[in-house]
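Undergrad: I'll drop the sequence and a predicted model, then ask my questions.
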Amino acid sequence: MRLLKVGRDGSCDIVLHSDKASSLHAEITLLNNGDILLEDKNSRNGTYIMNRPIKPGTQVNIKRGDAIRFADVELIWDQIPQQEDNSAYKAVYGIGSNFRNDIQISGNTVSRFHATLKIDRKGKAFIIDHSKNGTMVNGTRISPHRPTLIKRTDSVVCGGVPVNLSQYLPSNSLRKVLLVAACALVLVGAAIGLYKPISSLFATTHPATTQAMENASACVYAGYYYEVTIKDDPFVSKVKDWPKKWYVGYDSDGDLCVRIKTDDLRPIPYTGTAFFISENGEMGTNRHIAVPWEYRTAEVEETIKTEMEKIRSSNSYYSEYLLSLLVWGIQNGIPSDDAQAWWQRYQKSEIVISGSHSYFGVGLTGSKINNLIDLQQAQVIAESGDAKKDVALIRLNTRKTPDYLVKMKAYYDIKQARTDETTLKPQEEEFTIVGYPLGERVSDESFDGKELRPTIHKATLSKMPDENQIQIQAVGIGGQSGSPVCDKKHRLVGVLCSGYQGTEVTFCCNIKHLVELYEKHKVRQ
(Lines give C-alpha, C1' and ligand atoms only; values in the text may rest on other atoms or scores of the structure.)
Protein backbone atom coordinates (compact mmCIF):
# COMPACT_ATOMS: atom_id res chain seq x y z
CA MET A 1 0.00 0.00 0.00
CA ARG A 2 1.13 3.52 -0.68
CA LEU A 3 -0.19 7.01 0.12
CA LEU A 4 0.19 9.94 -2.30
CA LYS A 5 -0.47 13.49 -1.10
CA VAL A 6 -1.84 15.98 -3.61
CA GLY A 7 -1.71 19.75 -3.10
CA ARG A 8 -0.08 23.10 -3.70
CA ASP A 9 2.61 22.57 -1.05
CA GLY A 10 5.99 21.60 -2.48
CA SER A 11 6.28 18.65 -0.10
CA CYS A 12 3.31 16.86 -1.71
CA ASP A 13 3.88 13.84 -3.95
CA ILE A 14 1.80 15.49 -6.68
CA VAL A 15 2.20 19.28 -6.67
CA LEU A 16 -0.68 21.39 -8.02
CA HIS A 17 0.49 24.62 -9.59
CA SER A 18 -2.64 26.69 -8.99
CA ASP A 19 -3.67 29.36 -6.48
CA LYS A 20 -7.09 27.72 -6.30
CA ALA A 21 -5.62 24.47 -4.96
CA SER A 22 -5.19 23.95 -1.23
CA SER A 23 -1.82 23.21 0.41
CA LEU A 24 -2.99 19.65 1.06
CA HIS A 25 -5.86 19.21 -1.37
CA ALA A 26 -6.44 15.45 -1.51
CA GLU A 27 -4.92 12.03 -0.89
CA ILE A 28 -4.71 8.99 -3.16
CA THR A 29 -4.20 5.56 -1.60
CA LEU A 30 -2.89 2.65 -3.69
CA LEU A 31 -3.94 -0.65 -2.07
CA ASN A 32 -2.11 -3.95 -2.46
CA ASN A 33 -5.13 -5.56 -4.12
CA GLY A 34 -5.01 -3.02 -6.96
CA ASP A 35 -7.78 -0.72 -5.68
CA ILE A 36 -7.26 3.04 -5.70
CA LEU A 37 -8.94 5.33 -3.15
CA LEU A 38 -9.39 9.10 -3.43
CA GLU A 39 -10.17 11.47 -0.53
CA ASP A 40 -10.68 15.22 -0.54
CA LYS A 41 -8.94 16.78 2.49
CA ASN A 42 -11.43 19.61 3.07
CA SER A 43 -9.99 21.64 0.21
CA ARG A 44 -11.25 25.14 -0.57
CA ASN A 45 -12.36 24.48 -4.13
CA GLY A 46 -13.14 20.78 -4.07
CA THR A 47 -12.16 17.55 -5.80
CA TYR A 48 -14.18 16.26 -8.77
CA ILE A 49 -14.74 12.92 -10.51
CA MET A 50 -16.31 13.33 -13.94
CA ASN A 51 -17.04 16.97 -12.98
CA ARG A 52 -18.98 15.86 -9.89
CA PRO A 53 -17.67 16.97 -6.48
CA ILE A 54 -16.88 14.29 -3.92
CA LYS A 55 -17.66 14.60 -0.22
CA PRO A 56 -14.64 15.87 1.81
CA GLY A 57 -13.19 13.41 4.30
CA THR A 58 -14.68 10.35 2.61
CA GLN A 59 -12.67 7.82 0.60
CA VAL A 60 -14.13 6.85 -2.77
CA ASN A 61 -12.96 4.20 -5.22
CA ILE A 62 -11.52 5.36 -8.51
CA LYS A 63 -9.88 3.53 -11.39
CA ARG A 64 -7.02 4.42 -13.64
CA GLY A 65 -8.19 6.68 -16.47
CA ASP A 66 -11.03 8.40 -14.55
CA ALA A 67 -11.34 12.14 -15.13
CA ILE A 68 -10.17 13.61 -11.80
CA ARG A 69 -9.91 17.33 -11.14
CA PHE A 70 -8.45 19.15 -8.11
CA ALA A 71 -9.98 22.66 -8.14
CA ASP A 72 -8.99 23.68 -11.68
CA VAL A 73 -6.13 21.18 -12.17
CA GLU A 74 -6.72 17.90 -14.02
CA LEU A 75 -5.01 14.78 -12.72
CA ILE A 76 -2.41 13.39 -15.11
CA TRP A 77 -2.47 9.65 -14.56
CA ASP A 78 1.20 9.34 -15.55
CA GLN A 79 1.92 10.90 -12.15
CA ILE A 80 0.39 7.89 -10.40
CA PRO A 81 2.83 4.95 -10.11
CA GLN A 82 1.72 1.73 -11.76
CA GLN A 83 0.78 -0.81 -9.11
CA GLU A 84 2.94 -3.90 -9.07
CA ASP A 85 1.53 -7.25 -10.13
CA ASN A 86 1.65 -9.17 -6.87
CA SER A 87 0.73 -12.51 -8.43
CA ALA A 88 4.42 -13.49 -8.23
CA TYR A 89 4.28 -13.30 -4.45
CA LYS A 90 2.93 -15.89 -2.05
CA ALA A 91 1.92 -13.24 0.51
CA VAL A 92 1.78 -9.43 0.72
CA TYR A 93 1.40 -7.53 4.02
CA GLY A 94 0.89 -3.82 4.56
CA ILE A 95 2.69 -2.19 7.51
CA GLY A 96 1.58 1.12 9.07
CA SER A 97 -0.76 2.93 11.43
CA ASN A 98 -3.85 2.81 9.19
CA PHE A 99 -6.48 0.18 10.00
CA ARG A 100 -6.23 -1.24 6.47
CA ASN A 101 -2.74 -2.62 7.17
CA ASP A 102 -2.19 -6.29 7.91
CA ILE A 103 0.56 -5.36 10.38
CA GLN A 104 -0.71 -2.35 12.30
CA ILE A 105 1.78 -0.35 14.39
CA SER A 106 1.41 2.97 16.19
CA GLY A 107 3.65 5.94 16.88
CA ASN A 108 3.89 9.63 16.01
CA THR A 109 6.62 8.92 13.46
CA VAL A 110 4.90 5.97 11.78
CA SER A 111 3.24 6.67 8.42
CA ARG A 112 -0.28 5.48 7.71
CA PHE A 113 1.05 3.20 4.96
CA HIS A 114 4.62 2.90 6.06
CA ALA A 115 5.97 -0.17 4.27
CA THR A 116 5.05 -3.41 2.51
CA LEU A 117 6.32 -6.90 3.29
CA LYS A 118 6.31 -9.39 0.40
CA ILE A 119 7.07 -13.12 0.43
CA ASP A 120 7.90 -14.65 -2.96
CA ARG A 121 7.25 -18.21 -4.14
CA LYS A 122 10.72 -19.34 -3.02
CA GLY A 123 10.16 -18.12 0.52
CA LYS A 124 12.36 -15.01 0.22
CA ALA A 125 11.09 -11.94 2.08
CA PHE A 126 11.36 -8.34 0.86
CA ILE A 127 10.41 -5.08 2.57
CA ILE A 128 9.60 -1.90 0.61
CA ASP A 129 9.56 1.49 2.34
CA HIS A 130 6.98 4.16 1.38
CA SER A 131 7.30 6.45 4.41
CA LYS A 132 8.63 9.87 5.32
CA ASN A 133 10.54 8.77 8.43
CA GLY A 134 12.11 5.73 6.81
CA THR A 135 12.59 2.06 7.55
CA MET A 136 15.77 0.67 9.10
CA VAL A 137 17.11 -2.86 8.63
CA ASN A 138 19.89 -3.75 11.06
CA GLY A 139 20.47 -0.06 11.76
CA THR A 140 20.75 1.02 8.12
CA ARG A 141 18.07 3.08 6.42
CA ILE A 142 16.87 1.30 3.27
CA SER A 143 16.21 3.06 -0.03
CA PRO A 144 12.55 4.05 -0.46
CA HIS A 145 10.35 2.19 -2.94
CA ARG A 146 13.02 -0.48 -3.56
CA PRO A 147 12.62 -4.09 -2.34
CA THR A 148 15.17 -5.00 0.33
CA LEU A 149 15.82 -8.66 1.15
CA ILE A 150 15.39 -9.47 4.86
CA LYS A 151 15.78 -12.52 7.10
CA ARG A 152 14.00 -13.65 10.26
CA THR A 153 16.93 -12.55 12.41
CA ASP A 154 17.06 -9.01 10.96
CA SER A 155 16.09 -6.02 13.08
CA VAL A 156 13.38 -3.98 11.33
CA VAL A 157 12.42 -0.51 12.61
CA CYS A 158 9.67 1.55 10.95
CA GLY A 159 9.75 5.25 11.78
CA GLY A 160 11.60 4.53 14.99
CA VAL A 161 9.22 1.75 16.07
CA PRO A 162 10.62 -1.84 16.15
CA VAL A 163 8.48 -4.33 14.20
CA ASN A 164 8.64 -8.07 14.85
CA LEU A 165 8.14 -9.71 11.46
CA SER A 166 9.38 -13.20 12.39
CA GLN A 167 5.87 -14.69 12.44
CA TYR A 168 5.31 -13.54 8.85
CA LEU A 169 8.61 -14.84 7.48
CA PRO A 170 9.14 -18.51 6.50
CA SER A 171 11.20 -20.51 8.99
CA ASN A 172 14.63 -21.82 8.09
CA SER A 173 15.45 -25.23 9.56
CA LEU A 174 19.15 -24.90 8.70
CA ARG A 175 19.31 -21.67 10.64
CA LYS A 176 17.80 -23.41 13.64
CA VAL A 177 20.44 -26.16 13.44
CA LEU A 178 23.21 -23.56 13.31
CA LEU A 179 21.71 -21.70 16.26
CA VAL A 180 21.63 -24.89 18.34
CA ALA A 181 25.23 -25.61 17.37
CA ALA A 182 26.27 -22.08 18.34
CA CYS A 183 24.59 -22.44 21.73
CA ALA A 184 26.41 -25.72 22.26
CA LEU A 185 29.73 -24.08 21.48
CA VAL A 186 29.01 -21.32 23.98
CA LEU A 187 28.25 -23.92 26.67
CA VAL A 188 31.44 -25.82 25.86
CA GLY A 189 33.41 -22.60 26.03
CA ALA A 190 31.95 -21.84 29.44
CA ALA A 191 32.76 -25.34 30.64
CA ILE A 192 36.44 -24.99 29.79
CA GLY A 193 36.67 -21.63 31.53
CA LEU A 194 36.20 -19.12 28.75
CA TYR A 195 37.95 -15.99 29.92
CA LYS A 196 34.93 -13.76 29.36
CA PRO A 197 31.66 -14.33 31.21
CA ILE A 198 28.96 -15.51 28.81
CA SER A 199 26.73 -12.66 29.89
CA SER A 200 29.25 -10.17 28.57
CA LEU A 201 28.87 -11.64 25.08
CA PHE A 202 25.28 -10.49 25.03
CA ALA A 203 25.78 -7.14 26.76
CA THR A 204 24.54 -4.20 24.70
CA THR A 205 24.59 -0.48 25.10
CA HIS A 206 21.60 1.42 23.83
CA PRO A 207 20.60 3.17 21.68
CA ALA A 208 21.85 0.31 19.50
CA THR A 209 21.03 1.70 16.04
CA THR A 210 21.55 4.98 14.22
CA GLN A 211 17.77 5.37 13.98
CA ALA A 212 17.47 5.00 17.74
CA MET A 213 20.21 7.59 18.24
CA GLU A 214 18.31 10.05 16.05
CA ASN A 215 15.11 9.48 18.01
CA ALA A 216 16.94 9.80 21.34
CA SER A 217 17.79 13.43 20.51
CA ALA A 218 15.26 16.26 20.61
CA CYS A 219 15.21 19.92 19.62
CA VAL A 220 14.79 22.32 22.56
CA TYR A 221 12.53 25.32 21.97
CA ALA A 222 12.48 27.94 24.70
CA GLY A 223 11.96 31.61 25.39
CA TYR A 224 12.85 33.65 28.45
CA TYR A 225 12.80 37.08 30.07
CA TYR A 226 15.55 38.69 32.05
CA GLU A 227 14.37 39.58 35.55
CA VAL A 228 15.84 42.64 37.25
CA THR A 229 15.64 43.51 40.92
CA ILE A 230 17.07 46.30 43.07
CA LYS A 231 19.03 44.47 45.75
CA ASP A 232 18.32 46.96 48.53
CA ASP A 233 15.04 48.54 47.40
CA PRO A 234 13.44 50.18 50.45
CA PHE A 235 10.17 50.87 48.68
CA VAL A 236 9.23 47.23 48.06
CA SER A 237 8.11 46.85 51.66
CA LYS A 238 6.92 50.43 52.23
CA VAL A 239 5.03 51.44 49.09
CA LYS A 240 1.95 49.53 48.03
CA ASP A 241 2.08 48.05 44.50
CA TRP A 242 5.69 49.03 44.07
CA PRO A 243 7.21 46.48 41.60
CA LYS A 244 9.44 43.86 43.19
CA LYS A 245 11.06 43.09 39.85
CA TRP A 246 11.27 44.32 36.27
CA TYR A 247 11.25 42.22 33.11
CA VAL A 248 13.43 42.56 30.03
CA GLY A 249 12.36 41.24 26.64
CA TYR A 250 11.80 42.41 23.08
CA ASP A 251 9.45 45.24 22.16
CA SER A 252 7.53 45.44 18.88
CA ASP A 253 10.64 46.78 17.12
CA GLY A 254 12.81 43.88 18.30
CA ASP A 255 14.78 45.95 20.80
CA LEU A 256 15.48 44.98 24.40
CA CYS A 257 13.40 47.01 26.80
CA VAL A 258 12.37 47.01 30.47
CA ARG A 259 8.78 46.71 31.70
CA ILE A 260 7.07 46.00 35.02
CA LYS A 261 4.89 43.38 33.27
CA THR A 262 5.41 41.00 30.37
CA ASP A 263 2.10 41.86 28.69
CA ASP A 264 3.66 43.90 25.90
CA LEU A 265 7.00 42.07 25.75
CA ARG A 266 8.09 39.19 23.56
CA PRO A 267 10.30 36.56 25.20
CA ILE A 268 13.84 36.03 23.93
CA PRO A 269 13.71 32.80 21.87
CA TYR A 270 16.43 30.21 21.39
CA THR A 271 16.91 26.58 20.39
CA GLY A 272 19.23 23.80 21.47
CA THR A 273 19.51 20.04 21.75
CA ALA A 274 18.73 17.55 24.51
CA PHE A 275 18.85 13.75 24.65
CA PHE A 276 16.93 11.12 26.58
CA ILE A 277 18.83 9.25 29.31
CA SER A 278 16.02 7.30 30.99
CA GLU A 279 12.51 5.94 30.59
CA ASN A 280 11.25 8.65 32.96
CA GLY A 281 11.36 11.54 30.51
CA GLU A 282 14.76 12.69 31.81
CA MET A 283 17.13 14.35 29.36
CA GLY A 284 20.64 15.72 29.39
CA THR A 285 21.61 19.09 27.94
CA ASN A 286 23.81 22.12 28.65
CA ARG A 287 23.56 24.43 31.61
CA HIS A 288 23.47 27.36 29.20
CA ILE A 289 20.37 25.80 27.59
CA ALA A 290 18.72 25.48 31.01
CA VAL A 291 19.60 28.95 32.35
CA PRO A 292 20.61 31.09 29.33
CA TRP A 293 20.32 34.36 31.25
CA GLU A 294 23.41 33.33 33.24
CA TYR A 295 25.41 33.46 29.99
CA ARG A 296 24.47 36.98 28.92
CA THR A 297 27.03 39.04 27.07
CA ALA A 298 28.65 42.14 28.52
CA GLU A 299 26.78 44.18 25.91
CA VAL A 300 23.39 42.84 27.01
CA GLU A 301 24.22 43.44 30.66
CA GLU A 302 25.24 47.01 29.93
CA THR A 303 22.01 47.60 27.97
CA ILE A 304 19.88 46.32 30.86
CA LYS A 305 21.73 48.39 33.45
CA THR A 306 21.47 51.50 31.27
CA GLU A 307 17.70 51.01 30.96
CA MET A 308 17.39 50.53 34.72
CA GLU A 309 19.36 53.70 35.37
CA LYS A 310 16.88 55.57 33.20
CA ILE A 311 14.10 54.21 35.38
CA ARG A 312 15.90 55.44 38.49
CA SER A 313 16.64 58.86 36.99
CA SER A 314 14.65 61.93 38.02
CA ASN A 315 12.84 62.28 34.69
CA SER A 316 11.45 58.74 34.54
CA TYR A 317 7.84 57.81 35.18
CA TYR A 318 8.79 55.59 38.09
CA SER A 319 10.89 58.28 39.75
CA GLU A 320 8.15 60.84 39.36
CA TYR A 321 5.72 58.36 40.84
CA LEU A 322 8.15 57.67 43.65
CA LEU A 323 8.76 61.36 44.41
CA SER A 324 5.03 62.01 44.63
CA LEU A 325 4.76 59.17 47.13
CA LEU A 326 7.60 60.64 49.16
CA VAL A 327 5.88 64.03 49.21
CA TRP A 328 2.74 62.29 50.39
CA GLY A 329 4.80 60.52 53.08
CA ILE A 330 6.30 63.76 54.32
CA GLN A 331 2.86 65.35 54.41
CA ASN A 332 1.72 62.46 56.55
CA GLY A 333 4.43 62.69 59.17
CA ILE A 334 7.28 60.70 57.66
CA PRO A 335 10.53 62.55 58.50
CA SER A 336 12.17 64.12 55.48
CA ASP A 337 15.54 62.68 56.49
CA ASP A 338 14.09 59.17 56.30
CA ALA A 339 12.53 59.90 52.94
CA GLN A 340 15.80 61.26 51.62
CA ALA A 341 17.69 58.19 52.90
CA TRP A 342 15.24 55.88 51.16
CA TRP A 343 15.71 57.76 47.94
CA GLN A 344 19.50 57.53 48.12
CA ARG A 345 19.39 53.82 48.95
CA TYR A 346 17.10 53.23 45.98
CA GLN A 347 19.36 55.08 43.53
CA LYS A 348 22.62 53.55 44.72
CA SER A 349 21.56 49.96 45.33
CA GLU A 350 23.01 47.15 43.20
CA ILE A 351 21.08 45.99 40.15
CA VAL A 352 20.68 42.18 40.12
CA ILE A 353 19.95 40.38 36.84
CA SER A 354 18.47 36.88 36.68
CA GLY A 355 15.82 35.31 34.45
CA SER A 356 12.91 32.93 34.00
CA HIS A 357 11.39 30.94 31.16
CA SER A 358 8.27 32.05 29.37
CA TYR A 359 8.07 28.62 27.72
CA PHE A 360 10.30 25.55 27.64
CA GLY A 361 9.70 22.39 25.65
CA VAL A 362 11.14 19.93 23.17
CA GLY A 363 10.24 18.79 19.67
CA LEU A 364 10.74 15.07 19.20
CA THR A 365 12.52 13.69 16.15
CA GLY A 366 10.05 13.20 13.30
CA SER A 367 7.46 15.58 14.76
CA LYS A 368 6.13 18.76 13.16
CA ILE A 369 6.07 21.89 15.31
CA ASN A 370 3.59 24.55 14.22
CA ASN A 371 3.23 26.34 17.55
CA LEU A 372 3.92 26.04 21.28
CA ILE A 373 1.07 23.58 21.76
CA ASP A 374 2.92 21.01 19.62
CA LEU A 375 5.89 20.94 21.99
CA GLN A 376 6.44 18.28 24.63
CA GLN A 377 6.41 20.55 27.67
CA ALA A 378 9.45 20.19 29.91
CA GLN A 379 11.16 21.78 32.87
CA VAL A 380 14.66 22.21 34.25
CA ILE A 381 15.25 19.77 37.11
CA ALA A 382 18.83 20.65 37.99
CA GLU A 383 21.91 22.41 36.63
CA SER A 384 25.50 22.21 37.78
CA GLY A 385 25.71 25.80 39.05
CA ASP A 386 29.19 25.99 37.56
CA ALA A 387 29.89 27.56 34.16
CA LYS A 388 32.83 25.19 33.71
CA LYS A 389 30.53 22.19 34.15
CA ASP A 390 28.10 23.06 31.38
CA VAL A 391 25.48 20.35 32.01
CA ALA A 392 21.86 20.29 33.12
CA LEU A 393 19.08 17.78 33.68
CA ILE A 394 15.64 18.47 32.22
CA ARG A 395 12.50 16.34 32.25
CA LEU A 396 9.25 16.09 30.32
CA ASN A 397 6.32 17.24 32.44
CA THR A 398 4.72 13.84 31.86
CA ARG A 399 7.69 12.28 33.71
CA LYS A 400 7.62 9.58 31.04
CA THR A 401 9.58 8.95 27.86
CA PRO A 402 7.12 8.23 24.99
CA ASP A 403 6.31 4.52 24.72
CA TYR A 404 7.53 4.14 21.14
CA LEU A 405 10.95 5.51 22.16
CA VAL A 406 11.14 3.15 25.13
CA LYS A 407 10.27 0.16 22.94
CA MET A 408 13.14 0.87 20.57
CA LYS A 409 15.42 1.88 23.50
CA ALA A 410 15.83 5.35 22.04
CA TYR A 411 17.56 6.72 25.12
CA TYR A 412 21.20 6.63 26.16
CA ASP A 413 22.35 4.16 28.78
CA ILE A 414 23.92 6.69 31.11
CA LYS A 415 25.18 3.90 33.40
CA GLN A 416 27.51 2.85 30.56
CA ALA A 417 28.88 6.37 30.04
CA ARG A 418 32.66 6.75 29.80
CA THR A 419 33.28 8.90 32.85
CA ASP A 420 37.06 8.50 32.83
CA GLU A 421 38.25 11.06 30.31
CA THR A 422 41.83 9.76 30.52
CA THR A 423 40.79 6.75 28.42
CA LEU A 424 40.16 9.06 25.45
CA LYS A 425 43.18 9.40 23.18
CA PRO A 426 43.62 12.07 20.46
CA GLN A 427 42.95 10.83 16.90
CA GLU A 428 42.69 7.19 18.00
CA GLU A 429 38.90 6.82 17.82
CA GLU A 430 35.89 8.40 16.15
CA PHE A 431 32.95 9.98 17.93
CA THR A 432 29.39 10.75 16.81
CA ILE A 433 27.40 13.93 17.49
CA VAL A 434 23.62 13.94 17.04
CA GLY A 435 21.94 17.34 17.33
CA TYR A 436 20.06 20.25 15.84
CA PRO A 437 22.46 22.89 14.44
CA LEU A 438 20.64 26.21 14.18
CA GLY A 439 17.53 24.40 15.36
CA GLU A 440 17.69 22.94 11.81
CA ARG A 441 16.48 26.41 10.81
CA VAL A 442 12.99 24.96 11.03
CA SER A 443 11.83 27.30 13.71
CA ASP A 444 14.14 29.66 15.57
CA GLU A 445 11.59 32.12 16.92
CA SER A 446 8.86 31.11 14.44
CA PHE A 447 7.39 27.64 14.04
CA ASP A 448 6.71 26.42 10.52
CA GLY A 449 5.75 22.78 10.94
CA LYS A 450 8.60 21.19 9.04
CA GLU A 451 9.59 17.71 10.14
CA LEU A 452 12.33 17.67 12.77
CA ARG A 453 15.36 15.59 11.85
CA PRO A 454 18.74 15.84 13.64
CA THR A 455 22.11 16.14 11.95
CA ILE A 456 24.76 13.49 12.57
CA HIS A 457 28.43 14.52 12.59
CA LYS A 458 31.62 12.55 13.01
CA ALA A 459 34.49 13.93 15.09
CA THR A 460 37.87 13.01 16.55
CA LEU A 461 39.62 14.09 19.72
CA SER A 462 41.96 17.06 19.15
CA LYS A 463 43.94 16.95 22.40
CA MET A 464 44.01 15.21 25.75
CA PRO A 465 40.94 16.30 27.78
CA ASP A 466 41.16 18.13 31.07
CA GLU A 467 38.99 17.84 34.16
CA ASN A 468 35.98 19.57 32.61
CA GLN A 469 36.28 19.74 28.84
CA ILE A 470 36.99 17.55 25.83
CA GLN A 471 38.21 19.30 22.68
CA ILE A 472 37.07 17.67 19.45
CA GLN A 473 37.73 18.37 15.80
CA ALA A 474 34.28 19.29 14.46
CA VAL A 475 32.31 22.36 13.46
CA GLY A 476 30.08 23.37 16.38
CA ILE A 477 27.05 25.49 15.43
CA GLY A 478 24.48 27.25 17.59
CA GLY A 479 21.49 25.05 18.33
CA GLN A 480 23.79 22.05 18.41
CA SER A 481 24.62 22.84 22.04
CA GLY A 482 23.42 20.04 24.28
CA SER A 483 24.07 17.33 21.68
CA PRO A 484 25.23 13.93 22.92
CA VAL A 485 28.74 12.91 21.94
CA CYS A 486 29.28 9.14 21.93
CA ASP A 487 31.85 6.57 20.86
CA LYS A 488 31.45 3.75 18.32
CA LYS A 489 29.66 1.61 20.91
CA HIS A 490 27.18 4.48 21.48
CA ARG A 491 28.51 5.10 24.98
CA LEU A 492 28.20 8.71 26.10
CA VAL A 493 31.46 10.62 26.25
CA GLY A 494 30.39 14.24 26.57
CA VAL A 495 27.82 16.97 25.94
CA LEU A 496 28.68 19.44 23.17
CA CYS A 497 28.78 22.91 24.67
CA SER A 498 30.80 25.50 22.72
CA GLY A 499 33.22 26.24 19.92
CA TYR A 500 35.02 28.92 17.98
CA GLN A 501 32.95 30.14 15.04
CA GLY A 502 34.43 29.35 11.65
CA THR A 503 36.84 26.75 13.04
CA GLU A 504 36.84 23.05 13.86
CA VAL A 505 37.68 23.74 17.50
CA THR A 506 34.66 22.54 19.47
CA PHE A 507 34.31 21.70 23.15
CA CYS A 508 32.26 19.15 25.06
CA CYS A 509 31.64 18.98 28.77
CA ASN A 510 32.83 15.70 30.28
CA ILE A 511 29.95 13.27 30.69
CA LYS A 512 30.93 12.52 34.29
CA HIS A 513 29.42 15.85 35.35
CA LEU A 514 26.03 14.91 33.87
CA VAL A 515 26.24 11.46 35.47
CA GLU A 516 26.87 13.09 38.85
CA LEU A 517 23.94 15.47 38.37
CA TYR A 518 21.66 12.63 37.27
CA GLU A 519 22.51 10.47 40.28
CA LYS A 520 21.60 13.30 42.63
CA HIS A 521 18.35 14.36 40.98
CA LYS A 522 17.02 11.39 38.99
CA VAL A 523 13.47 10.13 39.40
CA ARG A 524 13.33 7.72 42.32
CA GLN A 525 11.12 4.69 41.68
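TA: Received, thanks. Numbers count the residues shown, from 1 in each chain.

Undergrad: pLDDT weak spots in this protein?
TA: For the chain, the stretches with pLDDT under 70 are 171-204, 314-339, 438-449, 475-479, 500-503, 524-525.

Undergrad: mind jotting down where the helices sit in it?
TA: 173-191, 198-201, 210-216, 287-290, 298-312, 317-331, 336-348, 403-407, 511-521 (DSSP state H).

Undergrad: what does the last one rub up against?
TA: In other words, helix 511-521. 277-278, 282, 284, 381-384, 389, 391-393, 414, 417-421, 468, 485, 492-495 (Cβ atoms under 8 Å, 6 or more residues apart in numbering). Any C-beta I mention is one placed from the backbone N, CA and C, and that applies to glycine too.

Undergrad: quick one: which of these sit in strands?
TA: Residues of those located in strands (DSSP state E): 282, 284, 381, 382, 383, 392, 393, 485, 492, 493, 494, 495.

Undergrad: now, the most widely separated pair of these?
TA: 381 and 493 (22.2 Å; Cβ to Cβ).

Undergrad: the more surrounded of those two?
TA: residue 493 (26 against 19; other Cβ atoms under 10 Å).

Undergrad: quickly list what the nearest residue in space to residue 105 that is not next to it in sequence is bridged to.
TA: Counting by Cβ to Cβ, 6 or more residues apart in numbering, residue 105 lies nearest to residue 161, which is 5.4 Å off, once chain neighbours are set aside. Beta-bridge partners recorded for residue 161 (DSSP bridges): residue 158.

Undergrad: identify the residues contacting residue 161.
TA: Residues counted as contacts of residue 161 (Cβ under 8 Å, 6+ apart) are 105, 106, 107, 109, 110, 404, 407, 408.

Undergrad: rerun that using 10 Å as the cut-off
TA: If you count contacts by Cβ atoms under 10 Å, 6 or more residues apart in numbering, residue 161 has them with 95, 97, 105-110, 114, 133, 211, 215, 403-405, 407-408, 410.

Undergrad: only the buried subset of the residues you listed, as a PyMOL command please.
TA: Selection of buried members from the contacts of residue 161 for PyMOL, criterion 16 or more other Cβ atoms under 10 Å:
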select buried, resi 95+97+105+107+108+109+110+114+133+211+215+404+405+408+410
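
Undergrad: just want the most central residue of the protein.
TA: Centroid check for the chain by Cα atoms, centre = their mean gives residue 218 as the closest residue, at 2.2 Å.

Undergrad: who touches it in this structure?
TA: 272-276, 283, 285, 361-365, 367, 375-376, 378, 394, 396, 405, 435-436, 452, 454, 482.

Undergrad: so which of the residues you listed sit within strands?
TA: Using DSSP E, the members of the contacts of residue 218 that fall in strands are 272-276, 283, 285, 361-364, 376, 378, 394, 396, 435.

Undergrad: most widely separated two among these?
TA: It's 396 and 435 that sit farthest apart of the ones in strands among the contacts of residue 218, by Cβ to Cβ, at 18.4 Å.

Undergrad: the more surrounded of those two?
TA: Taking neighbours as other Cβ under 10 Å, residue 396 and residue 435 compare with residue 435 leading, 28 against 21.

Undergrad: which strand residues bridge that one?
TA: Those that pair with residue 435 in a beta bridge, by DSSP bridges, are residue 455.
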